[in-house]
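**Student:** Pasted the sequence and its predicted model underneath.
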Amino acid sequence: MSVPDTVSPATEAWSLLEELISDAKQQFLALAREFELPPPALLALRSLEPDHPSPMSELATCLHLDNSTVTGIVDRLEERGFVERRTAPHDRRVKMLVVTDDGAAIRTRVFDRFKDVPTPIDRLSTEDQIALRDILRRALQSPE
């Protein structure tokens, strides 16, 4: 990629990160197609803990979606047999999401695939991977 001399290093770095993010998004969409799940359902399944029933409202908060949108996502996961809705023992108005055995198995496969390092990073030398990691850590540190 040729960059004009007038572009700042920060702008160029951000542009390169956007390109990497775009590639990762394409990989995620391919993964969703592979598992025959809409992307939001794949994210929802990834967010749910198999041994920790969660209220639907907690999933909505985690996904930054409203409750009605999450209802449709959970409907799809429930149709596939990946989650069940159960009434909360403390309040029958609250619906808890429980990951089924099939859901846990798919979730494990999805997690394994999410761990795949994107090719552009994987092909860097170990030294460059360490440098990239360290730079990103510094960039994401909270100012003291």
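**Tutor:** Nice, I can see it. Numbering: from 1, shown residues only.
**Student:** for this structure, what's the longest helix?
**Tutor:** helix 9-34 (DSSP state H).
**Student:** which residues sit against the helix or strand following that one?
**Tutor:** Next in sequence after helix 9-34, counting helices and strands by DSSP states H and E, comes helix 39-47. Contact partners of helix 39-47, identified using Cβ atoms under 8 Å, 6 or more residues apart in numbering, comprise 28-29, 31-32, 35, 37, 59, 62-63, 65, 69-70, 73-74, 76-77, 82-83, 99, 103, 106-107, 110-111, 114. To be clear about C-beta, it is placed using only N, CA and C from the backbone, and glycine gets the same treatment.
**Student:** buried ones in helix 39-47?
**Tutor:** 40-45 (16 or more other Cβ atoms under 10 Å).
**Student:** Ok, stretch 56-67 next?
**Tutor:** Burial within stretch 56-67, assessed by neighbour count using 16+ other Cβ under 10 Å, is assigned to 56, 58-60, 63, 65.
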